[in-house]
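Asker: Sharing a model that was predicted from the sequence below.
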Amino acid sequence: QVQLVESGGGLVQAGGSLRLSCAASGQTFSDNNMGWFRQAPGKERVFVATISRSGAVTNYADSVKGRFTVSRDNAKNTVYLQMNNLKPEDTAVYYCAGRPYSSYEFRYWGQGTQVTVSS
């Protein structure tokens, strides 16, 4: 089991930046590919970004490419999401998730952190 706790959300004006953090505890963090997802009001939760166990491989949703950067520090058991040039449509609850290397699905989820971007 991996326990995930997100932080860093808040209210920001359009064009601003935020950095989300996700601290992990429990099972070996580096055994997990990590991802960020978001859920806007009235919508389904969607993929934002993923990062491989070593951090060497990252993937992004088209809507955030060039603006968001995912990274991880395995020594600190933490994954980050740097969000720049934020837009009102980025407003959502952001979730951190962990996928063990032996699994095809994300098994571990944080409680989420709210990001609100005002126009």
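Answerer: All right, it came through fine.
Asker: and the residue nearest to Gly110 when sequence neighbours are not counted, bridged to which residues?
Answerer: Spatially, and ignoring its direct neighbours in sequence, Gly110 is nearest to Leu4 (3.7 Å; C-beta to C-beta, 6 or more residues apart in numbering). Yep, even glycine has a C-beta here, placed from its N, CA and C like the rest. Leu4 has these beta-bridge partners by DSSP bridges: Ala24.
Asker: residues touching Leu4, list them.
Answerer: For Leu4, the contacting residues are Cys22, Ala23, Ala24, Cys96, Ala97, Gly98, Tyr108, Trp109, Gly110, by C-beta atoms under 8 Å, 6 or more residues apart in numbering.
Asker: contacts for whichever helix or strand Leu20 is part of?
Answerer: If you go by DSSP states H and E, Leu20 is part of strand 18-26. Strand 18-26 is contacted from outside by 1-10, 12, 32, 34, 36, 76-83, 86, 94, 96, 98, 110, 113, 115, using C-beta under 8 Å, 6+ apart.
Asker: average pLDDT for that strand?
Answerer: In this model, strand 18-26 has an average pLDDT of 95.
Asker: moving C-terminal of that strand, what's the next helix or strand?
Answerer: Counting by DSSP H and E, what follows strand 18-26 is strand 32-39.
Asker: and the residue nearest to Gly110, how far is that from Asp62?
Answerer: 25 Å (C-beta to C-beta, to the nearest Å).
Asker: What segments of this protein are strands?
Answerer: 2-7, 10-13, 18-26, 32-39, 45-51, 58-60, 68-73, 78-83, 92-100, 108-109, 113-118 (DSSP state E).
Asker: Report the buried residues of the first one.
Answerer: Just to be clear, that refers to strand 2-7. Val2, Leu4, Glu6 (16 or more other C-beta atoms under 10 Å).
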